[in-house]
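Student: sequence plus predicted model, see below.
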Amino acid sequence: MDRRLLLEFLPAIAFLFGNAAGGLFVGAGAALVATTLSVAVRWRWDGCLPWLAVSTLVLALILTGFGILLDDPSYVLVRPTVGAIAFATILAVGTVAKPSLLERTLGYRLRIETSGWLSLHIAWIALALLSAVANEVARRALSNDQWVFYNFVSDFALFALFWVSTRLIAERYWIVQSGP
């Protein structure tokens with residue numbers, strides 16, 4: 001398994017096991033430690049801070065802190081919703097930038113037409129909003145332990161959906177280099 005992929009999933013794994021060991025707040029704390037570790041390792045490997053992971057960490061610190069301070073688990077349960085809506089909003093604003101936010105982030109790996117970047121933004125925004133809605137349904141319909149498992153599984157499923165959508169859009173809009 002790619003080491004970067006393992007770092008992406010480390011917080012979800014820590015959350016699942018932390019919850020099993022000591023409950024929702026222990027799981028959230030374990031996820032915070034794992035996210036901090038992931039950010040530090042990525043900084044070491046890349047020489048720069050991964051902005052998405054840092055923003056996720058800050059959001060999780062704030063909401064988990066409020067949850068512990070107020071003894072209210074709903075702050076932990078709502079974090080994926082708030083994070084997904086914030087991500088969708090940032091992506092939407094990023095469509096007007098030149099080059100677009102995703103083109104700046106992924107352009108070194110993807111050589112796609114300008115209209116492809118807009119399609120990719122729209123797909124990612126839709127997936128983020130779908131994730132927010134799904135989390136709201138899950139947090140209202142499931143017990144805390146069931147929600148933790150849902151959250152664990154949905155992290156992997158959402159990653160797969162982002163990967164597949166990116167792959168399909170990249171294949172459709174790929175810029176083919178002409179011969180020598």
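Tutor: Received it, and whenever you're ready, just let me know what you need. Residues are numbered from 1 along each chain as shown.
Student: got a list of what the closest residue to Trp174 other than its chain neighbours touches?
Tutor: The spatial neighbour of Trp174 that comes closest, neighbours along the chain excluded (CB to CB, 6 or more residues apart in numbering), is Ile112 at 5.8 Å. No exception for glycine: its C-beta is placed from N, CA and C like everyone else's. Ile112 makes contact with Leu120, Ile169, Ala170, Tyr173, Trp174, Ile175, according to CB atoms under 8 Å, 6 or more residues apart in numbering.
Student: mind running it again at 6 Å?
Tutor: Contacts of Ile112 were listed using CB atoms under 6 Å, 6 or more residues apart in numbering, and they are Ala170, Tyr173, Trp174.
Student: I'd guessed the second one sits against Glu113; true?
Tutor: Yes. Counting by CB atoms under 6 Å, Tyr173 sits close enough to Glu113 to count as a contact (4.5 Å).
Student: so which elements touch the longest helix along the chain?
Tutor: Looking across the chain with DSSP state H, the single longest helix is helix 144-173. In terms of contacts (3 or more CB pairs under 6 Å, 6 or more residues apart in numbering; DSSP states H and E), helix 144-173 is packed against helix 3-22, helix 114-141.
Student: among the ones you listed, which gets the worst mean confidence?
Tutor: Of all those, helix 3-22 carries the lowest average pLDDT, namely a mean of 92.
Student: ok, back up a step: and Tyr173 and Glu113? Which one has more around it.
Tutor: Tyr173 (18 against 12; other CB atoms under 10 Å).
Student: and that one, how far is that from Leu120?
Tutor: 8 Å (CB to CB, to the nearest Å).
Student: how about Leu10?
Tutor: Distance of Leu10 to Leu120, computed by CB to CB: 26 Å.
Student: once you drop chain neighbours, what's closest to Pro50?
Tutor: Leaving aside its chain neighbours, Pro50 sits nearest to Arg42 (4.8 Å; criterion: CB to CB, 6+ apart).
Student: Arg109 belongs to a strand?
Tutor: No. Per DSSP: H, G, I helix; E, B strand; the rest coil, Arg109 lies outside any strand segment and is coil.
Student: now it: phi and psi?
Tutor: Dihedral angles phi and psi of Arg109 (degrees, to the nearest 10) take the values phi -110, psi -30.
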